[in-house]
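**Q** got a sequence here, can you model it:
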Amino acid sequence: MTPPTPLPPWLTRVGVFDLETTGVDVTRDRIVTAHVGVLDHHGTEIAARTWLADPGVPIPAGATAIHGITSERARRDGAPAAQVVAGVVTALRSLLDQGVPVVAYNAAFDFSLLAHEARRHRIAPLENPAPVIDPLVIDKAYDRYRPGKRTLEIVAAHYRVDLVGAHDASADAVAAGRVAQALAQRFPLPPSAAELHTRQIAWARAQAASLTDYFVRIGRIDPTDRLDGRWPVRDGDPTWQHSPAGSL
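**A** Okay, here's the model as predicted:
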């Protein structure tokens, strides 16, 4: 059996980031839970912080069905939203300032929603966060024609990464980090996190254009509509902020 390819040095210590929210509109929806951690070269989490927020708005039943947090629990046990947003921004800024890449699955959703939350609470947002690693974008770039959906659960299973407790911010963040490391052992990624970040900008744009064409063909969107392919932060039409690519 061929041994796995060693991890590139810039993937031997990575940050991981995930949000669970009140919905999928990055301009209006709010953070409910958040997780920021650090993985070592074995994929073991060696540092972590998890937040539960009182989002200040009711949590829809549909969102509760996904992540399990009710409005009552968030009001009772959650910290004020501004405090949570500030904590998450500070934790991510610290990692990025150290040059530690941050992994987030479908990163444009999490980073975009966080940016809007920061502005809502008058907190300085992350400006051009980098380097960011998005296993969804990378997987679609290197294995474009693999059939089936690309949810985190399915992609994690494809790369033999355990994901127990999906839609828990901690579990999803750690699994995404381990998928990123698995991708590096499967495919010839660029030689640095900075170059990978730059390539993902182009890949995400191309993937959004391709998905737009597909949705137009099947009548899901009007021919004049376009999916926002900006990455890792989007400020376009909120209808398409939670990239449908994550569910295809």
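
**Q** the chain: helices as residue ranges?
**A** For the chain, the helices defined by DSSP state H occupy 61-67, 71-77, 81-97, 107-120, 135-142, 152-158, 169-186, 193-217.

**Q** relative to residue 51, which of those is closest?
**A** helix 81-97 (4.5 Å; C-beta to C-beta). Where you see a C-beta, it was placed from the backbone N, CA and C, and this is true even at glycine.

**Q** what is the closest one packed up against?
**A** Packing contacts for helix 81-97, counted by 3 or more C-beta pairs under 8 Å, 6 or more residues apart in numbering; DSSP states H and E, involve strand 14-21, strand 31-39, strand 45-54, strand 102-103, helix 107-120.

**Q** turn those into a markdown table, including distance to residue 226, mean neighbour count and mean pLDDT.
**A** A markdown table is the format used below for the helices and strands packed on helix 81-97 (distance: least, C-beta to C-beta, whole Å; neighbours: other C-beta atoms under 10 Å; pLDDT from 0 to 100):
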| stretch | distance to residue 226 | mean neighbour count | mean pLDDT |
| --- | --- | --- | --- |
| strand 14-21 | 24 | 27 | 98 |
| strand 31-39 | 27 | 24 | 98 |
| strand 45-54 | 32 | 17 | 98 |
| strand 102-103 | 27 | 28 | 98 |
| helix 107-120 | 15 | 23 | 98 |
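
**Q** between these, which gets nearest to residue 127?
**A** With respect to residue 127, and counting by C-beta to C-beta, the nearest of the helices and strands packed on helix 81-97 is helix 107-120 at 9.2 Å.

**Q** quick one: residues contacting residue 142.
**A** By C-beta atoms under 8 Å, 6 or more residues apart in numbering, the residues touching residue 142 are 183, 186, 187.

**Q** how about the contacts made by the last one?
**A** If I follow you right, that is residue 187. 138, 142.

**Q** and the gap between it and residue 161?
**A** 15 Å (C-beta to C-beta, to the nearest Å).

**Q** residue 8 now?
**A** Counting by C-beta to C-beta - residue 8 and residue 161 are separated by 18 Å.

**Q** nearest spatial neighbour of residue 117, chain-adjacent residues omitted?
**A** Excluding the flanking residues, the one nearest residue 117 by C-beta to C-beta, 6 or more residues apart in numbering is residue 85, at 4.7 Å.

**Q** likewise residue 231?
**A** For residue 231, ignoring the flanking residues on the chain, the nearest one in space by C-beta to C-beta, 6+ apart is residue 204 at 3.5 Å.

**Q** residues near that neighbour, how many?
**A** Using other C-beta atoms under 10 Å, residue 204 has 25 other residues around it.

**Q** what pLDDT does it get?
**A** pLDDT, residue 204: 98.

**Q** residue 205 reaches residue 229, doesn't it?
**A** Yes. Shown here, residue 205 and residue 229 form a contact pair, counting by C-beta atoms under 8 Å, at 3.9 Å.

**Q** if I pick the residue nearest to residue 117, what's in contact with it?
**A** Counted by C-beta under 8 Å, 6+ apart, residue 85 has contacts 31, 53, 114, 117, 118, 120, 121, 123.
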